[in-house]
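**Student:** How does the following fold in three dimensions:
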Amino acid sequence: MRLQRPNLLFAALVLASTMAFALAGHFAAEAVIRHQQAHQLSELTEVVLRRSEFAVDFAAASLDELAKRNLASCEPGALQAIRLHVYQRSAIKDVRLVKPDGSVICSAYSETLEFDKGWVNRRDMLPSRDKALSLFRVEQFGGDALGVLRDINDSSALVAIVGINASLFDIMPAELRAHSEVILALSSGEKLGEFQTDAGKSLPGPVSFDRTSTRFPLHATIGLEHAVLSSWNHEAYWPVLAVALGLGAIFGILLARSRRMEGPVADLDRALAAGEFKPYYQPIFDLGTGQIKGCEILVRWVRRDGSVVPPMNFIPLAESSGRIQAMTWQILASALAELKPLLRANKNFKMSLNVVPGHLLSAGFVETLRRKVLTARVSARQIVVEITERDELDDLARAAAVVAELRDHGFRVAIDDVGVGHSGLSRLKGLGADMIKIDKFFVDTITVDASTTTIVEMLVALARDLHMSVVAEGIETEEQLRALLASGVAEGQGYLVAPPLPFARFSELVEFAPRAAVRRGGLERCGFGGLTVEEELRFP
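**Tutor:** Next comes the predicted model:
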């Protein structure tokens with residue numbers, strides 16, 4: 001009996017500790033799930049706001065173009081040119097010339113005036129951050145529209161009538177559609193558009209997620225039934241609980257927390273010192289011909305045992321800890337050394353490098369980049385600096401000056417993640433970049449969501465007006481490629497051709513490409529096409 005008592009006590013302590021950690025794990029899992037739900041719904045609300053801002057940017061750019069062409073007139077020739085302009089931009093329903101008080105002088109399509117229920121006086125229009133631009137609701141019998149007014153001179157202004165298509169806001173996951181609503185409104189509270197599966201149905205106990213534009217008087221809201229949150233996205237519960245059970249009672253929570261951040265950052269420093277961060281290359285290709293035009297450098301952590309750490313497991317920590325700059329210079333030096341023969345043999349081949357805003361604005365960035373490229377004896381015009389939008393560019397004027405300096409030295413500049421990042425299209429114009437990269441979010445839905453096609457066409461039209469090129473990211477199917485081509489996109493990258501590849505495999509791809517169509521089937525014969533994300537994580 002004496003021999004059994006210590007064993008019973010040990011078992012009791014282990015059981016008590018396990019139960020305590022299970023309880024803590026339960027609350028932790030619930031907290032993680034609630035945080036994840038709030039984050040995802042906040043991001044969806046941000047998408048609604050960004051789409052709306054794009055529509056306003058598109059309308060404002062169209063009005064600016066008409067003003068530059070001196071078409072702010074009711075002359076028959078001017079009205080005919082405006083009609084053609086509206087016809088080429090499906091998102092705009094009409095363009096009207098108005099007096100300073102907002103009253104209509106004439107309309108490109110005068111018959112649309114018959115659909116107006118009323119017209120807002122100038123004093124009731126809401127100003128934007130750009131004081132010459134105002135927004136207001138246009139009440140029409142077929143559904144409300146958005147009026148975008150641009151002052152031209154002291155005696156007149158132009159107004160674009162932008163259709164508010166409810167499908168633009170059809171963004172909710174399938175399991176939430178019947179229990180949610182998406183609303184776009186002016187800051188005055190007037191609704192512009194609303195998406196709800198069951199129109200007129202009130203949500204019991206709604207939870208709201210709101211976003212307000214800093215540039216325009218626009219406000220987006222997602223409302224969701226509180227009860228549905230209890231069963232949505234609970235996949236993380238059991239993994240978190242399993243982790244809690246496995247922790248045991250050996251170390252206290254304070255000790256665990258004190259060591260949690262030290263270890264990963266120290267691992268990054270050791271990996272940097274050992275040169276374990278390697279450039280992987282994803283081809284950028286012509287959507288029409290399949291010709292490989294360049295590549296984007298993407299960092300992978302290749303450990304000494306050959307295992308590859310996915311970027312989402314270390315990039316956020318590298319950015320928050322300040323190691324991203326050293327990591328960027330390290331992979332650039334490796335990439336220049338590996339790609340130098342190809343870059344010197346093909347002067348039209350371009351190499352893109354991702355740079356976070358903080359690094360772009362850091363002291364000596366341009367000088368260091370020039371020195372590394374000159375040392376490698378590579379032409380600056382073959383290097384594209386992609387500004388990522390994980391962090392917002394706080395100082396646009398300074399960023400524009402850096403971009404201008406880069407372009408003066410021959411570098412090209414691209415804006416990454418356009419459509420879901422921080423920059424509005426008016427900010428893109430102020431930045432003075434050469435290229436925009438359409439985010440994978442839009443490529444994924446372009447074949448199933450008509451509103452995505454409209455957004456991509458608007459991006460292409462605005463890029464053309466700003467003399468910028470367009471590259472689509474994350475192309476995975478031939479259907480997506482054809483839809484992008486039809487929308488005017490000329491270049492892209494994605495798993496349809498190849499995932500990010502180590503240099504040896506990328507060299508084989510470039511060598512093989514001229515002898516076969518750069519398409520999924522042709523590349524599969526060489527072992528490149530058709531990889532999934534999970535398979536890439538096991539690469540090479």
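
**Student:** can we go C-alpha only for contacts and neighbour counts from here?
**Tutor:** Fine.

**Student:** Next SSE downstream of the helix or strand where residue 343 lies?
**Tutor:** Residue 343 is part of helix 324-345, with elements assigned from DSSP states H and E. The helix or strand immediately downstream of helix 324-345 is strand 350-355, counting by DSSP H and E.

**Student:** rewinding a little: who touches the helix holding residue 343?
**Tutor:** Under the contact criterion Cα atoms under 8 Å, 6 or more residues apart in numbering, helix 324-345 has outside partners 272, 275, 277-279, 297, 299, 315, 318, 349-350, 353-355, 359, 372-373, 376-379, 382, 503.

**Student:** So which bits of it are buried?
**Tutor:** Buried residues in helix 324-345, counted by 16 or more other Cα atoms under 10 Å: 324-325, 327-333, 335-336, 339-340, 343.

**Student:** Off-centre distance for that helix?
**Tutor:** 25 Å (Cα atoms, centre = their mean, to the nearest Å).

**Student:** now the strands for the stretch 251-400 of the chain?
**Tutor:** 277-286, 292-302, 308-309, 350-355, 383-387 (DSSP state E, counting those that start in this stretch).

**Student:** show me where pLDDT drops low in the stretch 251-400 of the chain?
**Tutor:** The model of the stretch 251-400 of the chain has pLDDT under 70 over residues 251-263, 389-392.

**Student:** just the stretch 1-150 of the chain next, same as before
**Tutor:** Filtered on pLDDT under 70, the stretch 1-150 of the chain yields the residue ranges 1-18, 21-22, 24-26, 29.

**Student:** now the strands for it?
**Tutor:** Under DSSP E, counting those that start in this stretch, the stretch 1-150 of the chain gives strands at 92-98, 104-107, 126-127, 133-138, 145-151.

**Student:** The stretch 401-540 of the chain now?
**Tutor:** 412-418, 435-438, 469-472, 491-492.

**Student:** List the pairing partners of the shortest one within its sheet, with orientation.
**Tutor:** If you go by DSSP bridges, strand 491-492 pairs up with strand 277-286 (antiparallel), strand 469-472 (parallel).

**Student:** Of those strands, which is nearest residue 127?
**Tutor:** strand 469-472 (31.1 Å; Cα to Cα).

**Student:** avg pLDDT for that closest one?
**Tutor:** Strand 469-472 carries an average pLDDT of 94.

**Student:** quick one: contacts of that strand?
**Tutor:** Here strand 469-472 has contacts from 434-440, 443, 460, 463, 484, 489-493, using Cα under 8 Å, 6+ apart.

**Student:** Just the CA coordinates for that strand, please, in PDB.
**Tutor:** The C-alpha coordinates for strand 469-472 follow below in PDB (Å, rounded to 0.1, in the frame of the first residue of the first chain):
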ATOM      1  CA  SER A 469       1.500  48.000 -66.700                       C
ATOM      2  CA  VAL A 470      -0.500  45.300 -64.900                       C
ATOM      3  CA  VAL A 471       0.500  41.800 -63.600                       C
ATOM      4  CA  ALA A 472      -2.000  39.400 -62.100                       C
END
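
**Student:** tell me what the one helix or strand residue 158 maps to is packed against?
**Tutor:** Per DSSP H and E: residue 158 is located in strand 157-163. In terms of contacts (3 or more Cα pairs under 8 Å, 6 or more residues apart in numbering; DSSP states H and E), strand 157-163 is packed against helix 4-68, strand 92-98, strand 145-151.

**Student:** mind redoing it with 6 Å?
**Tutor:** strand 92-98, strand 145-151 (3 or more Cα pairs under 6 Å, 6 or more residues apart in numbering; DSSP states H and E).

**Student:** Ok, which of the ones you listed comes nearest residue 110?
**Tutor:** With Cα to Cα as the measure, strand 92-98 is the member of these nearest residue 110 (8.7 Å).

**Student:** picking that back up, tell me the first helix or strand C-terminal of the strand holding residue 158.
**Tutor:** Past strand 157-163, the next helix or strand by DSSP H and E is strand 180-186.

**Student:** Starting from that next one, tell me which strands it pairs with and how they run.
**Tutor:** strand 191-196 (antiparallel), strand 218-225 (antiparallel).

**Student:** Other residues contacting it?
**Tutor:** Outside strand 180-186, the residues that touch it by Cα atoms under 6 Å, 6 or more residues apart in numbering are 191-196, 217-224.

**Student:** By neighbours, which of these wins?
**Tutor:** Greatest neighbour count in the contacts of strand 180-186, by other Cα atoms under 10 Å, goes to residue 220: 28 neighbours.

**Student:** is it in a bridge, and if so with what?
**Tutor:** residue 184, residue 211.
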